[in-house]
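K.L.:
Okay, here's the prediction I keep looking at, along with the sequence it came from:
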Amino acid sequence: MDTEGKFMDMEEYEAISAKAAQPQKVMEEEKSESRRRELMQSLESTRLTQTLRETLASKEARIKEL
């Protein structure tokens, strides 16, 4: 039914439903992109941490050799 209480045909109903679903789809895509960015930042941070640990371990080993 439309706002005036008249019945809509299926095609009109589907068109309205598709328009209503678009913002939800965009929001889901934005959430997905945001989550992807968070994961990439976490991965980069993990890599930097690993590199830092390796560098410190290497320097510590050199100091112990002296």
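P.N.:
Now that the structure is in, tell me what you want to look at.
K.L.:
where do the helices sit along this structure?
P.N.:
10-65 (DSSP state H).
K.L.:
where does the chain dip in pLDDT?
P.N.:
1-8 (pLDDT under 70).
K.L.:
burial of Arg53, as a residue count?
P.N.:
By the criterion of other Cβ atoms under 10 Å, Arg53 has 10 neighbours. Any C-beta I mention is one placed from the backbone N, CA and C, and that applies to glycine too.
K.L.:
can you pull the contacts of it?
P.N.:
Residues near Arg53 by Cβ atoms under 8 Å, 6 or more residues apart in numbering: none.
K.L.:
repeat for Arg47
P.N.:
Here Arg47 is in contact with no residue (Cβ under 8 Å, 6+ apart).
K.L.:
next one: Thr46
P.N.:
Counting by Cβ under 8 Å, 6+ apart, Thr46 has no contacts.
K.L.:
State the distance from it to Leu39.
P.N.:
Using Cβ to Cβ, to the nearest Å, we find Thr46 at a distance of 10 Å from Leu39.
K.L.:
Kindly report the same for Lys59.
P.N.:
In terms of Cβ to Cβ, Lys59 sits 30 Å off from Leu39.
K.L.:
Over to Arg47?
P.N.:
For Arg47, the distance to Leu39 - Cβ to Cβ - is 13 Å.
K.L.:
ok, now Ser32?
P.N.:
11 Å.
K.L.:
What of Ile63?
P.N.:
Counting by Cβ to Cβ - Ile63 and Leu39 are separated by 36 Å.
K.L.:
burial measure for Tyr13, as a count.
P.N.:
Counted with other Cβ under 10 Å, Tyr13 comes out at 13.
K.L.:
Can you name the residues that contact it?
P.N.:
No contacts exist for Tyr13 under Cβ under 8 Å, 6+ apart.
K.L.:
Give me the number of neighbouring residues for Glu38.
P.N.:
Count around Glu38 with other Cβ under 10 Å applied: 10.
K.L.:
Can you tell me which residue is spatially central in the chain?
P.N.:
Arg35 (2.3 Å; Cα atoms, centre = their mean).
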